[in-house]
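**Student:** sequence and predicted structure, then a few things I'm wondering about:
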Number of protein chains: 2
Amino acid sequence: MTDRLLLEEFLPYRLVRASELVSRRFAARYREAYGISRPEWRTFAILGQLGRTTATEIGRQSTMHKTKVSRAVASLEERGWLSRRVDEADRRIEWLTLTATGSKVYAELAELARSFQQQLADDLGAEAAAALERGLAAVEARFSVSSG
Amino acid sequence: MTDRLLLEEFLPYRLVRASELVSRRFAARYREAYGISRPEWRTFAILGQLGRTTATEIGRQSTMHKTKVSRAVASLEERGWLSRRVDEADRRIEWLTLTATGSKVYAELAELARSFQQQLADDLGAEAAAALERGLAAVEARFSVSSG
DNA sequence: ACTAAACAGTTACACATGCAACTATCAACT
DNA sequence: AGTTGATAGTTGCATGTGTAACTGTTTAGT
């Protein structure tokens, strides 16, 4: 029993916990305001940023499973926030764009996110926030899509 | 459309993605080696570290829902890795401890975690790893259990 | 002693999720 | 043209998960 694993020093564990603490709070905000789920928020945010993209691309960027994305897209379409259009040249591909309503909601959600980010940065303090960003950048660089 | 939210600069999103990238890889390791799920690993790791604890305490530390913990405990008991005993003074409480088998497996899993951690630190580099730890510490300090 | 509230833990049920298999389409090779 | 393999996306099914309701127990107030 001399060699216990100290979870408070174990990076993957700390990352998961920190991520849950933060994203849970943010999720509460947009859930209360718009009644959307996490996969929906993620899908919507990526589409809003890119303006026009595909479900596959959303899956790639978000690390969400393609069925998750597929269902989120279907749900957002039902809400009337996005619309699909089949690519003429390659009819397997569906291009997603925001509707007028979607654009309006997106602007509001983006503002909500920005204010949350600001609050978070204030809470953490400039130095700690910068350190966190540097650390995350390193993880992203080492672990992202390409590097299996 | 001038004010898109840039997800690559949005901390909650980056935190979630980084956490998923890292923990997914680590999960693949212990899943292949021992066939346990993430809630099982988390429960087991906390119990192993504390030596003797309760389901409620595990929930508190891990941010896992109590039903998740309850099921993980049941599953680990079936594997013969832990045993329960009702507290004499307060019979609502169940004390959890590792069995002999459980202790043996825990030692191996702890070693697996340590080697993963080492590998991760090497991949990130000392400086980035330290920055990440500082950032996470700040999040933990601001967002942990007590602070609503 | 009695009632109400609090707590540890489990379970029923509805919903979310991932895997595998599917449809539809395209590209490459014969 | 026909076959094979890859790709975009959806769906059936089994499993995982959270909410709420439950049991059993303790504590506090009356």
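**Tutor:** Cool, the structure landed.
**Student:** okay, the helix or strand containing A:Arg42 in CSV with CA atoms only?
**Tutor:** Following DSSP states H and E, one finds A:Arg42 within helix A:38-50. Below are the C-alpha coordinates for helix A:38-50, written out as CSV (Å, rounded to 0.1, in the frame of the first residue of the first chain):
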residue,chain,number,x,y,z
ARG,A,38,-24.8,19.9,-24.8
PRO,A,39,-24.5,18.2,-28.1
GLU,A,40,-26.9,20.7,-29.5
TRP,A,41,-25.0,23.7,-28.2
ARG,A,42,-21.7,22.3,-29.5
THR,A,43,-23.1,21.6,-32.9
PHE,A,44,-24.8,25.0,-33.1
ALA,A,45,-21.7,26.9,-31.9
ILE,A,46,-19.5,25.3,-34.5
LEU,A,47,-22.0,25.9,-37.3
GLY,A,48,-22.4,29.5,-36.2
GLN,A,49,-18.7,30.1,-36.2
LEU,A,50,-18.1,28.5,-39.6
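**Student:** just checking, A:Leu50 touches A:Glu57?
**Tutor:** Yes. Between A:Leu50 and A:Glu57 there is a contact under CB atoms under 8 Å: 7.5 Å. C-beta coordinates here come from the backbone N, C-alpha and C atoms, glycine included.
**Student:** now the strands: where do they sit in chain A?
**Tutor:** Per DSSP state E, chain A carries strands over the ranges A:52-53, A:82-86, A:94-98.
**Student:** for DNA strand D, find the nearest of the ones you listed.
**Tutor:** Closest approach to DNA strand D among those is made by strand A:94-98 (3.9 Å; CB to the nearest atom of the strand).
**Student:** per-residue pLDDT, A:Leu6?
**Tutor:** Per-residue pLDDT puts A:Leu6 at 98.
**Student:** no wait, A:Phe143
**Tutor:** 84.
**Student:** leaving aside the residues next to it on the chain, what's closest to it?
**Tutor:** Nearest residue to A:Phe143 in three dimensions, chain neighbours excluded: B:Leu21, at 4.0 Å (CB to CB, 6 or more residues apart in numbering or on different chains).
**Student:** any idea how far that neighbour lies from A:Val139?
**Tutor:** Per CB to CB, to the nearest Å, B:Leu21 is found 7 Å from A:Val139.
**Student:** what do you get for A:Ala55?
**Tutor:** 25 Å.
**Student:** more neighbours: those two, which one.
**Tutor:** A:Val139 (24 against 21; other CB atoms under 10 Å in any protein chain shown).
**Student:** what residues are up against the more buried one?
**Tutor:** A:15, B:18, B:21-22, B:124, B:132 (CB atoms under 8 Å, 6 or more residues apart in numbering or on different chains).
**Student:** ditto for A:Trp81
**Tutor:** Contacts of A:Trp81 by CB under 8 Å, 6+ apart are A:44, A:98-99, A:101-102, A:105-106.
**Student:** in CSV: those residues, plus pLDDT.
**Tutor:** Formatted as CSV, those follow (pLDDT from 0 to 100):
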residue, pLDDT
A:Phe44, 98
A:Leu98, 98
A:Thr99, 98
A:Thr101, 98
A:Gly102, 98
A:Val105, 98
A:Tyr106, 98
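**Student:** which one (most neighbours) among these?
**Tutor:** A:Phe44 leads the contacts of A:Trp81 on contacts (other CB under 10 Å) with 26 neighbours.
**Student:** against chain B, how distant is it?
**Tutor:** Using CB to the nearest CB, to the nearest Å, A:Phe44 is found at 10 Å from chain B.
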